[in-house]
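S.K.: test case, fold it:
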Amino acid sequence: MFSENTVYTPENIKEIEQAYNKMLGTIQKELSKADKILVGKAYEVALKAHRFQSRKSGEPYIMHPIAVARIVSEDIGLGPVSVAAALIHDVVEDSDEYSIVDIEVIFGRKIANIIDGLTKIPKIEGEDISHEARNIRKILITLSEDPRIVFIKLADRLHNMRTMGAQKPASQKRISLITQYVFIPLAHRMGLYSVKSELEDLCLKYIEPEIYNSIKEKINKTKQERNADIEEVIKTVYPGMVARGITCLIKGRAKSISGIYQKMQRQNVDFEEVYDQLAIRVIIDMAESPRYNNDPTLACFAAFTAVSDYYRPSGKRFRNFVVNPKSNGYQSLHETFSTPDGKWVEVQIRTIEMDEIAEKGLASHWSYKETQSNQQEKENKNINLWYNKIREHLENPERDAGEFLDDIKYSLYSKEITVFSPKGDVVILPKGASVLDFAFEIHTELGAKCTGAKINGKMVSFRHELQNGDVIEILKSENQIPKADWLNLVKTSKARNKIKQSLNATKKQTATYGKEILQRKLKALKIDFNDRELQKIQNFFKLKTSHDLFYKIGTNEIDNKALRKFKDDQNQGFVGFIRKKLRKEDKKGLPTPQTFEKPILQFGDNQSQVEFTLSPCCNPVPGDAVFGVTRTNGGMKVHKYTCPNAKDIQARFSHKIRKAEWIEGAYSKFRAELEINGVDRDGIAHEVGAVVFETKNVTLQRIHIWEDHGIFRGKIAFEVSAQGVLDELIATIKKVNGVKSVIRKK
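M.R.: Here you go, the predicted model:
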């Protein structure tokens, strides 16, 4: 199989054969003779195509497709067709040996279509946002054609992330940000929770290495104690299961590093304060639990009661996904219990069948297709529902790229609720969806005419946020039409698209009407109606197109008074020009706190100095670690690396990111805001205020201090000349007796 015309050493050959045999051992179904021939042929083709290629780490390239095939088999649970496709997933794109036609001749149309789909998905590593949006659209299109394409793409991404050590730190971070933005939400929605969890850990490792290593070290230190606690929980609850006739496997479930970090952020606590680091999973064997008459819901709740006999449920964290599955088919009971010694343990209860779906997601529904011979099986209803939602995102190819990406990310990552029509029809919507979302989900016309609803028999407005289990009857009026503010009330892509279509149609009618009005008004003002004059009017009112102008005339946002002002301005001629110039010159001496005539930052490797603005979302000050984003109209917008929007910006606009450094000794003032908390006492407000007033190079703008049940709270906004001054101010305030925390908010 290994020809002499290769770069493989004897050690390489041994390593490759061992990896391939281990991969074969992970295929969960017994391979038929035809399956063995198929996978073996794919292995031979991959060996030939990649025989001269190595990875950046130096290992033979063939190790990558073998590893991807193993992930497809072991972690995702697909069969020999997908394994074969994974082995040859790069041969068309990364070698000159084979074309798609060759693949079809050797392997048939089914595998050729998968490879063609994979080849059409460009590598997403940080190009401009519109290009990235097109690439993600291609991924979603392939998902609706054959999910195995996306499963293999996710496996490919996971192995690349596992082996990214040879990459430069900048590349590691960029690739991780794209993974975080695109592939993790996709794995989440497809139910591949183990893949998602590992990708999250790897992203954290490369984006926040200090945080990752700190949590990992703490987990390792507490591992022995945690394992002992889990064993104690299992030993305690297992007899209760047996007593109830439940045959099950109970096992500990390790909390991921990223999962713990997300809880630390969400709850604003330290590692030691994350209260449910213990976790177990109860997996029920229904075939060996005959007392429950093959009723998985009854068996799961019996197991829940068995745990409740020994531990106290929290009551606030109970989730019933058995009765109300997620759209990817996920089913399980979730609850957090308190042990007698004050520890918390998260418990998940499910059947073997539910566990298979929980681990493999949509792949568990798809894998059977590889074992059927011309036999049509009924698709899982929830999967079809989700595929339809994916297609909705692709309906309008002209949508703004940034909005498309945000919408896709929300759709892939949002939590879900299940609601019902009066007839009992099930509708799955994202958490936070309104009555309007439900109405548009049922029918476009019903959404457009919606005036409110009856939920569980009670009247509510169309703004009302829906909850799990609501029964909804839509109320409508023939006189109702969609309004612009409706866009702020809906969560689903379908509702948003339909509202925009209606608004655009209405706007077009209004603009046509406005054009006729403008012609009459300009005639009365003795102004010609031609392209030159229309351009002047557009510029005066700062409008981009004549369509915008006609619309504002039609809505009377630009009235007769405004048009006369335009005419007067034009008549001022040279005098008007001079006045504008003088006003502009006057303003130059009064820069705002966020824009400066004199550069105080330098950008990029060549340390160029260009105009910039400081982003109001994080208000950087000299000394902060910052980066610049090239703006479309020139100049830079500057963000702190700790800005809440930094990761999102770096993922979406990586081609526009420039490193930025403060120029030594530069002077100017920047806005900052502090939040202070402490124990209230007489005189504390006066002392804190005195610190601010007495600190040099600080100009107070606003101070607000109040008492709340014995707790002292304060907010102080000011201008400061540099990070060092700000650090000094914070340190001094912290020394005031009674002050417990000083947090910089901006």
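S.K.: where do the helices sit along the stretch 51-200 of the chain?
M.R.: 63-70, 80-87, 91-94, 100-107, 109-120, 129-145, 147-162, 169-178, 184-189, 193-207 (DSSP state H, counting those that start in this stretch).
S.K.: direction-wise, compare the fifth one with helix 80-87 and give the angle.
M.R.: This points to helix 109-120. 40 degrees (axes from the mean of the first three to the mean of the last three C-alpha atoms, to 10 degrees).
S.K.: which secondary structure elements does helix 109-120 sit against?
M.R.: Applying 3 or more C-beta pairs under 8 Å, 6 or more residues apart in numbering; DSSP states H and E, we find helix 109-120 packed against helix 80-87, helix 91-94, helix 100-107, helix 129-145, helix 147-162. Every residue, glycine included, has its C-beta placed from N, CA and C.
S.K.: picking that back up, just the helices of the stretch 51-200 of the chain: most buried one?
M.R.: With neighbours defined as mean count of other C-beta atoms under 10 Å, the helices of the stretch 51-200 of the chain peak in mean count at helix 80-87, which reaches a mean of 27.
S.K.: point out the other elements, helices or strands, that that one touches.
M.R.: Of the remaining helices and strands, those touching helix 80-87 by 3+ C-beta pairs under 8 Å, 6+ apart are helix 33-49, helix 63-70, helix 109-120, helix 147-162.
S.K.: first-to-last residue distance for stretch 699-716?
M.R.: Start-to-end span of stretch 699-716 (C-alpha to C-alpha, to the nearest Å) is 11 Å.
S.K.: let's verify the residue of the chain most remote from its centre: helix, strand, or coil?
M.R.: Distance from the C-alpha centroid of the chain peaks at residue 526, with 55.1 Å (C-alpha atoms, centre = their mean). Of the three states, residue 526 takes coil according to DSSP: H, G, I helix; E, B strand; the rest coil.
S.K.: next, it: phi, psi?
M.R.: phi 60, psi 40 (degrees, to the nearest 10).
S.K.: the one 4 residues further on too?
M.R.: The main-chain torsion angles of residue 530 are listed as degrees, to the nearest 10 and equal phi -140, psi 170.
S.K.: residue 683 too?
M.R.: Per degrees, to the nearest 10, the backbone of residue 683 is at phi 90, psi -10.
S.K.: check for me that residue 310 belongs to a strand.
M.R.: No: with three-state DSSP as the criterion, residue 310 is located in coil rather than a strand.
S.K.: state the distance from residue 270 to residue 256.
M.R.: 18 Å (C-beta to C-beta, to the nearest Å).
S.K.: ok so, going back, from residue 629, how far out is the residue farthest from the centre of the chain?
M.R.: Separation of residue 526 from residue 629 (C-beta to C-beta): 47 Å.
S.K.: what about stretch 246-261, start to end distance?
M.R.: First-to-last residue span, stretch 246-261, C-alpha to C-alpha: 35 Å.
S.K.: ok, stretch 345-359 next?
M.R.: Taking C-alpha to C-alpha as the measure, stretch 345-359 stretches 21 Å from start to finish.
S.K.: same check, this time on stretch 552-564
M.R.: 15 Å.
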